[in-house]
Every structure is written in structure tokens, then in C-alpha cells.
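A.B. asks: What shape does this take:
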Amino acid sequence: MQQAVNSGENTRLIVLISVVATIGGFLFGFDSGVINGTQDGLHQTFKSGEWMQGFEIASMLLGCAFGAFSAGRLADRLGRRNVLIVSALLFLLSAIGAGAAPSSAMFIIARVLGGFAVGAASVISPAYIAEVAPARYRGRLATVQQIAIISGLTAAFVSNYLLAATAGASTEPLWAGHAAWRWMFWMQAVPSLLFLVLLLAIPESPRYLMVKRRKDEALQVLGRLFGAAEAQAKLAEIDASLSTDHHRPRLSDLRDKASGRIRPIVWVGIGLATFQQLVGINVVFYYGAVLWQAVGFSENDALLINILSGALSIGACIVTVLLIDRIGRKPLLWVGSAGMAVALALLVFSFASGSLVDGRLQLPGGMGTLALVAANVYVVFFNVSWGPVMWVMLGEMFPNQIRGSALAVAGAAQWTANFAVTVTFPILLAAIGLAATYSLYLVAAVISVFFVLRFVHETKGKELEQMEG
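C.D. replies: Alright, predicted model coming up:
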């Protein structure tokens, strides 16, 4: 049954806080997508070999895994908002440093710093939104995080395209004599600075304040969010959901006290985080330009295809916003898995029909069109399901006492899987080809259908204090 609207609820403030938090998602997307158009510049400037270039691209993901793992624990100690402030600073430093890097080593250091910020924002932004939003539209607000991520990706693709077009190519000099690929990174400094400034205007999560036993501050924030009449009741609910000893959250909380084993809900979170990457989505985002050039499109056309994929992704996420609090999280996940499996099967079929000509894959007849359509159908199914829903569920599915620690573990698993898929793609591409490589992602998509049906439990409409682990 849908809950009644609280007359004292400050919906405008809740939405504003959520929008500010999702700027972290925008930067997450921008930082992930900007690398797509800079690979020719990196290769020409740093003279990196195949393996080293793959590491330059994937190095950010090492920082992401560490950032995601550290962020949950840091958020339990310093607060959700303070961790996001640190992330904003690191986004800014990374944008400046990556663009100015004189060597491959300095570039990797800058990207790892940015990766830490991405990893932290990826787990803390949806968790922060979940902790301030009412249950009846929590899913919609948290899904905006994925729209922000895809908007960031698309903004990076558009920025890359315009800068490369203005200069003539990504490797050609643009303003102040610096190559266009360097300006692609520097463009991220603008939203990074905006994120930092706006974070100073939003309050801390009331659930974090309660974990720290700062009841007066928690009550004040709850009053601003839900009105004075509702604030006391919510404060009591949060208080009752916490452990009786109110100890500081720790990783050992992830074990069941009776059995000594890792709680089942933690394994489900790890499974959700890992399958989101094993289906291969970031191969399209990180290597899109390389992929489409490999099947015969020009660099200019490949960059335009990236923009098309980004626009379709935003549209798919908007559909999720409309559906997630109506039909729930679980149906979206298994339908998305099934749709991705079909699209990946078509991609494998089209790639398998091609032949190598001068080291490039040539697809016969309409197979190039089939590959393009199937890839975008795949992207749409991902972004109507696993893209936003996984982050929504990680932000809300864990009990209050273990949320930070469980997010740390699940977030680290997500980015570790992301790193593994990203760094192995160029190696697999050279060793076994596109068709066989995408067959691996197809297998993961099929398995994910059964994982969702068997292990994932619905969280639609539940208050965070009702989550069981």
C-alpha cells in the first residue's frame, strides 16, 4: 500500500539535495567517458605499447576499486557529505593533472586519483540519496544518479567530438598550443568545481548522524526534510533499527553473529555489483571509438555513434525513473538481463560473420548495421535495468548498521570486475577476436537472469529501517 504523503515534507529540499549528490554521478560518467576520445593522443604522446595503453585506460579503475572500498568506511567515520567533498576535490585535481601530464606515469597517477573520486561517488551518492529520500519515491531519485552518469558520459562524448572537430583531430593542437586530447580532460574541471561549491550547501545524512549518536543534529535535519511532526517518529525508527550497543560500524558486522559466515545479503550485493560489469557494458563506453573503427567506421563516425549511444542511454534511464517505484527493482533486472542476452547474441553473430582485412574486421552486407543496432539495443536494456537499478539497490538494500561496510565491499567488487573486463578487452580482442570476446559477456548476461530470479529480493516501498540482512 502506498504511504500517505507527509504534509510537512519538504519535497523541494529533498530533490535539491538529491540533484547535488548526483553531480557526483555526472562526474563519474564524464571521467569514465572522456578516455574514449583520447586514446590516439595518449598513444602518440606517450608511445605506449598495447599492454601499457590498456593499463593507462584501466588504471582509473584501480583507483575506483580502492575509492569504493574506502568510501564506505570513510563515510561511516567522516560522514556522507564530507566524503563527497573529498571526491569533488580529487575530481578537480585529476582533471587538471591528466590533461597536463608530461609522462605516462604522471598520467596514470592523475587517473588513479580521479578513480578514487569516481569509486567514492559511485557508492556514496546513491547511499546518501537513499538516506534522505522517502521510500515511496526513493527509487526514482536514486535512479537520477544513473541519468547523471550517462549524462556525464554523453557530455564527455560531445565535448570530445567538438574539441576534436575544432582542432581537426584529437592529436592536433587547439588552444594555447595544447593538443585537443588534453583539453578533453581539462573540461572536467568546470563541473568538478561546481560540485564542490554546491556540496557546502546541503546537510549531512540524518542516519549517519544517528549512527554517531548526534541526535540533536539528526533531529534538526529530519525536521528540515519531513517537518517537525514527523521528525521525532523517524528519529525513533532509525534509533530502533541500530544495534543495541550502537557500536561504531565495522567490517566484522558483515558476518552473521550466530553462524560466523558472511551475511547472505552481502553476497547478493557482491553478485549484483559483479554481474553489472561482467556483461561487458564498459567495453562499449571505454572502447566505443576503437570498437566502431575496428568494424569499418571512421573516427568521426565512431565519436558520433558514442553520442547516439549516450542519448539512448539517457532515454532508457528516464523510462526506469517512471517504472522503478511502480513495478519494482527485480522485474527490471531480469528483463534487462534477458534483453541484453538477446542483443549480445546478435552482436556475436554479426562479428562472427566478418573477416580480417589489413588487420581490421570487415563485416559483410548489412552485418555492420546489425552490429550497430544490436549494440545500441544492448545499451538500452542495460540502462533501463542493471545500470541504474544495481546502484539503487546497493544504496538501500543493506540494514543501517552495515550499510557503509557492505557498500565498501560491494563497491570494491564492482570496480574490480570493471577493471578486469576493461584491461582484458584489448588482450582478448587480439587473441580470440570480437565474436569470442562478446560470447563471454553473453554467458554472463544469461547467468545473471537466474541470479536475479533466485537470490534478489524486492525492496520497493520499504523503509531503510525495514531492510534485513
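
A.B. asks: C-alpha only now, for contacts and for neighbours.
C.D. replies: Will do.

A.B. asks: In terms of helix, strand or coil, where does L93 fall?
C.D. replies: Counting by DSSP: H, G, I helix; E, B strand; the rest coil, the backbone at L93 sits in helix.

A.B. asks: OK, contacts around it?
C.D. replies: 110, 113-114 (C-alpha atoms under 8 Å, 6 or more residues apart in numbering).

A.B. asks: With F66 instead?
C.D. replies: Taking C-alpha under 8 Å, 6+ apart, we find F66 in contact with 116, 119, 412.

A.B. asks: need the contact list for P191.
C.D. replies: Per C-alpha under 8 Å, 6+ apart, neighbours of P191: 23, 27.

A.B. asks: Which pLDDT value belongs to the nearest residue to V132 once chain neighbours are set aside?
C.D. replies: Nearest residue to V132, sequence neighbours excluded (C-alpha to C-alpha, 6 or more residues apart in numbering): S205, at 6.4 Å. We have a pLDDT of 82 for S205.

A.B. asks: Kindly report the same for the one 10 residues further on.
C.D. replies: With respect to pLDDT, K215 scores 84.

A.B. asks: Test my guess that it contacts Y208.
C.D. replies: No - if you go by C-alpha atoms under 8 Å, K215 and Y208 don't touch, sitting 10.1 Å apart.

A.B. asks: When these two are compared, which one has more neighbours?
C.D. replies: Y208 (24 against 16; other C-alpha atoms under 10 Å).

A.B. asks: which non-adjacent residue is nearest that one?
C.D. replies: Nearest residue to Y208, sequence neighbours excluded (C-alpha to C-alpha, 6+ apart): G79, at 6.4 Å.

A.B. asks: neighbours around that neighbour, how many?
C.D. replies: Neighbour count of G79, defined by other C-alpha under 10 Å: 22.

A.B. asks: can you check A121 too?
C.D. replies: 32.

A.B. asks: How far does the helix or strand where it lies sit from its chain's centre?
C.D. replies: Element membership for A121, per DSSP states H and E: helix 104-132. Centroid displacement of helix 104-132 relative to its chain, using C-alpha atoms, centre = their mean, to the nearest Å, is 10 Å.

A.B. asks: how distant is stretch 409-425 from the center of its chain?
C.D. replies: For stretch 409-425, the distance to the chain centre is 12 Å (C-alpha atoms, centre = their mean).

A.B. asks: now the helices: where do they sit in the stretch 201-350 of the chain?
C.D. replies: Remark: helices assigned in the stretch 201-350 of the chain by DSSP state H, counting those that start in this stretch are 206-211, 215-226, 228-241, 264-278, 281-294, 299-327, 329-352.

A.B. asks: Any idea which of these gets closest to Y161?
C.D. replies: helix 299-327 (6.1 Å; C-alpha to C-alpha).

A.B. asks: What is that closest one packed up against?
C.D. replies: helix 135-167, helix 281-294, helix 367-383 (3 or more C-alpha pairs under 8 Å, 6 or more residues apart in numbering; DSSP states H and E).

A.B. asks: Can I get the contacts of F66 in TSV including neighbour count?
C.D. replies: As requested, the contacts of F66 are arranged in TSV below (neighbours: other C-alpha atoms under 10 Å):
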residue	neighbour count
F116	28
G119	29
A412	30
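
A.B. asks: List just the nearest of these to H43.
C.D. replies: F116 (23.9 Å).

A.B. asks: The residue nearest to Y208: what's it in contact with?
C.D. replies: The contact partners of G79, taken as C-alpha under 8 Å, 6+ apart, are 204-205, 208-209.

A.B. asks: how near is the closest residue to I318 other than its chain neighbours to L347?
C.D. replies: Computed as C-alpha to C-alpha, 6+ apart, the closest residue to I318 that is not its neighbour in sequence is I147, at 7.2 Å. To L347, I147 is 25 Å away according to C-alpha to C-alpha, to the nearest Å.

A.B. asks: separation between the closest residue to S353 other than its chain neighbours and L372?
C.D. replies: Once flanking residues are discounted, S353 sits nearest to L363: 6.5 Å by C-alpha to C-alpha, 6+ apart. Applying C-alpha to C-alpha, the value for L363 to L372 is 11 Å.

A.B. asks: Mind checking which of those two has more residues around it?
C.D. replies: A direct count of neighbours by other C-alpha under 10 Å for L363 and L372 places L363 higher, at 20 against 17.
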